[in-house]
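J.: Give me the fold of what follows.
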Amino acid sequence: MSEKIYIGVDLGGTAIKVGICNEEGQLLHTYEGPTETEKGSDTVVNNIEKYVRLIVEQSPFDWEQVAGVGAGVAGFTNVREGIIIFAPNVGLKDLHIREILEERLGKPIKIDNDANVAALGEAWGGAGKGIDNCVCYTLGTGVGGGIIINGKIYQGFSGFAGELGHVSVVPDLEAIQCGCGQMGCLETVSSATGIIRMAKDAVARGDRTSLALVENIMAKDVFDAAKEGDEAAIRIVNRAAFYIGKSLAAVAAVLNPEVFIIGGGVSKAGDILFDEIRSVFAKLTPAPIQEGLKIVPATLGNDAGMVGAAGLFIRS
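T.: Residues are numbered from 1 along each chain as shown. All right, here's what the predicted structure looks like:
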């Protein structure tokens, strides 16, 4: 019998990335093409179909070997019904994507949000490989999350479990409103957006910082300045790390995972961020819960979405 393969689709606002994985979570072949959101939902769906067929044609595999196609979407999804409720970056709303793609491709289709599939990708073929219970944070423009319990994505009652960026961790007197409408969310201080906002606030206050010389401040500028000893930048990084550590402590007390995996662009700051996260976590978490638990960086980078989407057929 021919080897089964699984196709993972990472549906983004600019590009659609497609990958072929085997049953062990190894990424064997990739393809990337434009999303073309400006041309409407029909074009986006047409492109998904086109790229999925194209990647198989370019690979050494046959179409008959495709056992399923999974898709990760940056937005709200109804996993059970296979509907994209609202994906603003892709311009899709109330789209019955599973039904449409199953009819066009003749293959089983599964969908989930991008943070969940990234977490599954890391659990299946990345930093959490071989581990059944882990939690993944994605620190990017926002803060995403995914929970893996007994090797599978934990969806919760209505499919919105793992919204770790929207757990309120900042005290009321320091809290600002998050894009979700609530106050004090982790995303307001520990995302790239939050870090940039704090840096701009420091410059506006007249804090003595090299960031005042940067025309268009990015999160990387803040981390670079902190590594050079800039005190204002160090305070910003420590604040972002403190609330991540605080969030991890709360999640660990509830779920008792074996590993926390932290990915996304912000995580590339390295030790200056991770050392502080681990220090805060150690101070706020009971010793028995800490025992054996690791906090590690993600390893798959931009491939996590493709691997995790393919893994929806194996690990969900």
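
J.: Next, count neighbours for residue 34.
T.: When neighbours are counted by other CB atoms under 10 Å, residue 34 registers 14. From N, CA and C alone the C-beta is placed, and that goes for glycine too.

J.: Return the set of residues that bridge with it.
T.: residue 15 (DSSP bridges).

J.: if I pick it, what's in contact with it?
T.: The contact partners of residue 34, by CB atoms under 8 Å, 6 or more residues apart in numbering, come to 14-16, 47.

J.: if we take these, which one ends up nearest to residue 178?
T.: Proximity of the contacts of residue 34 to residue 178 (CB to CB) peaks at residue 14, which lies at 24.3 Å.

J.: dump the residue contacts of the closest one.
T.: Contacts of residue 14 (CB under 8 Å, 6+ apart): 34-35.

J.: same thing with residue 285?
T.: By CB under 8 Å, 6+ apart, the residues touching residue 285 are 248-249, 252-253.

J.: Look up how far residue 315 lies from it.
T.: Remark: distance between residue 285 and residue 315 (CB to CB, to the nearest Å) = 27 Å.

J.: again with residue 305
T.: Counting by CB to CB - residue 305 and residue 315 are separated by 14 Å.

J.: higher neighbour count, these two?
T.: More crowded of residue 305 and residue 315, by other CB under 10 Å: residue 305, with 30 against 19.

J.: burial count for residue 108?
T.: Residues near residue 108, counting by other CB under 10 Å: 16.

J.: Quick one: residues contacting the nearest residue to it once chain neighbours are set aside.
T.: Leaving aside its sequence neighbours, residue 108 sits nearest to residue 68 (CB to CB, 6 or more residues apart in numbering; 4.4 Å). Listed by CB under 8 Å, 6+ apart, the contact set of residue 68 reads 6-7, 107-110, 312-313.

J.: again, but for residue 161
T.: With CB under 8 Å, 6+ apart, residue 161 has these contacts: 147, 154-155.

J.: three-state assignment of it?
T.: Assigned with DSSP: H, G, I helix; E, B strand; the rest coil, residue 161 falls in the coil class.

J.: pLDDT at the closest residue to residue 154 other than its chain neighbours, what is it?
T.: Nearest residue to residue 154 in three dimensions, chain neighbours excluded: residue 147, at 4.2 Å (CB to CB, 6+ apart). For residue 147, the pLDDT comes out at 95.
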